[in-house]
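Trainee: could you look at this predicted model? Sequence included:
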Amino acid sequence: MPVTAMPVTAIIVAAGSGSRMGEGTPKQYRTIAGKAVLAHAVDALKSHPDVNSVRIVIADGQEITAQAALNGRDVEPFIVGGATRAASVANGLAGIENGGIVLIHDAARPFCPHDVIDRLLGALEEAPAAVPALPVADTLASGAERIERMADRKGLVRVQTPQAFRVDALRSAMATAGATDSTDESSVMIAAGFKVAIVEGDPVLEKLTGPADFERAEALQLAFLAPRTGFGFDVHAFSGSGPIMMGGIEVPHERGLAGHSDADVVLHAITDALLGTVAEGDIGQHFPPSDAEWKGASSDRFLAHAASLVAARGGVIDHVDCTVICEAPKVGPYRDAMRQRVAEILALPVSRVSIKATTTERLGFTGRGEGIAAQAVASVRLPQ
């Protein structure tokens, strides 16, 4: 059967602990440019027109972490991996029909150009397996504290993923290998006597191993992001007794603010500014005041939602700046607490959140003490 007529399934192996990164979150769940490494890998494969489905193999107990990393992306149910890479891949293969094609990819390689996948699928017309690879450019030597011997790099390549296989051939090779573990599936194919074709890889497929790799990947990703700016404005009239919510914290005041939610003018203005950066309408479209669900709702939910829309687009929030316009209450004593709370909601350093205040010299509705207004500007970067 020609390759073009076969279904293509992508398996992302994400069951590692990331021990070489040190303690903490496994590397597949860390972020690059505001998006989890695993989410980058899923988007790269799922967006290819020939890939029919994406299956993700995770470690036992990582379901909630993986769900959070994918942020609502539509993928097949998670598959729990085994004690070894070979066992994890075998679990991922279960249920895939013979006669199909499988792409097996490391979650720690978050970026995968479509043309690499095109070359892999094309190579399967003549071979049961294909891998992307790059020539070795550096001089090679062996030794520990000093060089013992120079090595000949002629004919050597650096093998990457995704690796492409005809499913029936890979299953046959893995059955021959038995319980033997391997660093990748192409070595299993070679050991079983199958031909493995080499196609041109790509430098962006470099694997994330240590902290320096994350710095490199972050710089690479941010280089492809374009700046966007959004503006937000909100106003609420004084009504009833205080205190009021402002910037996500409670501020003492003798009067309250009228509003369907908690009437937090600062969070509302910043929410609209972020929605503007991704052209997603305004806060009223997402949380209509006619909906009883949002009556008295805490506005941190609104701001977190706007931030999630930016993240879903692969965006990075660089800075938010909000100016509160009122005669009273005084904002100064609560400025730092507001900045801290907004930064917490947006998962930003406090240094990237600005809160200011001004008056209208007793002119207009704010000058007459009838209410409070706020205007905000948000700066983000989005994929071009």
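Mentor: On my side now, so go ahead. Model, not experiment: these values are computed from the prediction.

Trainee: can you give the domain ranges for the protein?
Mentor: Here the domain parsing of the chain from automatic domain parsing is 3-222, 226-383.

Trainee: reformat those domains as CSV; add mean neighbour count and mean pLDDT.
Mentor: C-beta coordinates here come from the backbone N, C-alpha and C atoms, glycine included. CSV is the format used below for those (neighbours: other CB atoms under 10 Å; pLDDT from 0 to 100):
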stretch, mean neighbour count, mean pLDDT
domain 3-222, 17, 89
domain 226-383, 18, 92
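
Trainee: any idea how far Leu382 is from Leu303?
Mentor: Note on Leu382: its distance to Leu303, by CB to CB, to the nearest Å, is 18 Å.

Trainee: ok, Thr366 next?
Mentor: 22 Å.

Trainee: equivalent analysis for Gly364, please.
Mentor: From Gly364 across to Leu303, the span is 27 Å (CB to CB).

Trainee: kindly report the same for Gly61.
Mentor: From Gly61 to Leu303 the distance is 31 Å (CB to CB).

Trainee: try Val204
Mentor: If you go by CB to CB, the gap between Val204 and Leu303 works out to 33 Å.

Trainee: and Ala108, by the same measure?
Mentor: 32 Å.

Trainee: what's in contact with stretch 268-284?
Mentor: With contacts defined as CB atoms under 8 Å, 6 or more residues apart in numbering, stretch 268-284 is touched by 228-234, 261, 286, 299, 302-303, 305-307, 309-310, 313, 315, 317, 320, 322, 342, 374-380, 382.

Trainee: span of it from start to end?
Mentor: Using CA to CA, to the nearest Å, the end-to-end distance of stretch 268-284 comes to 10 Å.

Trainee: now that stretch: how far from the chain's centre is it?
Mentor: 21 Å (CA atoms, centre = their mean, to the nearest Å).

Trainee: next: stretch 192-207.
Mentor: Per CA atoms, centre = their mean, the centroid offset for stretch 192-207 relative to its chain is 25 Å.

Trainee: surely Pro329 meets Met245?
Mentor: No. Contact criterion CB atoms under 8 Å: Pro329 and Met245 do not qualify, at 11.9 Å.

Trainee: overlap in contacts, these two.
Mentor: With CB under 8 Å, 6+ apart as the test, Pro329 and Met245 both reach Val251.

Trainee: one step back: list the ones among the contacts of stretch 268-284 that fall in helices.
Mentor: 286, 302-303, 305-307, 309-310, 342 (DSSP state H).

Trainee: ranges for the strands of the stretch 1-150 of the chain?
Mentor: Using DSSP state E, counting those that start in this stretch, the strands of the stretch 1-150 of the chain run over 8-14, 31-32, 35-36, 53-58, 79-80, 101-106, 129-135, 140-143, 147-151.

Trainee: tell me which residues are up against the fourth one.
Mentor: Residues external to strand 53-58 that are found in contact with it (CB under 8 Å, 6+ apart): 7, 9-15, 38, 42, 45-46, 66, 75-76, 78-81, 88-89, 91-92, 96, 107.

Trainee: just the angle for it relative to strand 8-14, thanks.
Mentor: If you take axes from the mean of the first three to the mean of the last three CA atoms, to 10 degrees, strand 53-58 sits at 20 degrees to strand 8-14.
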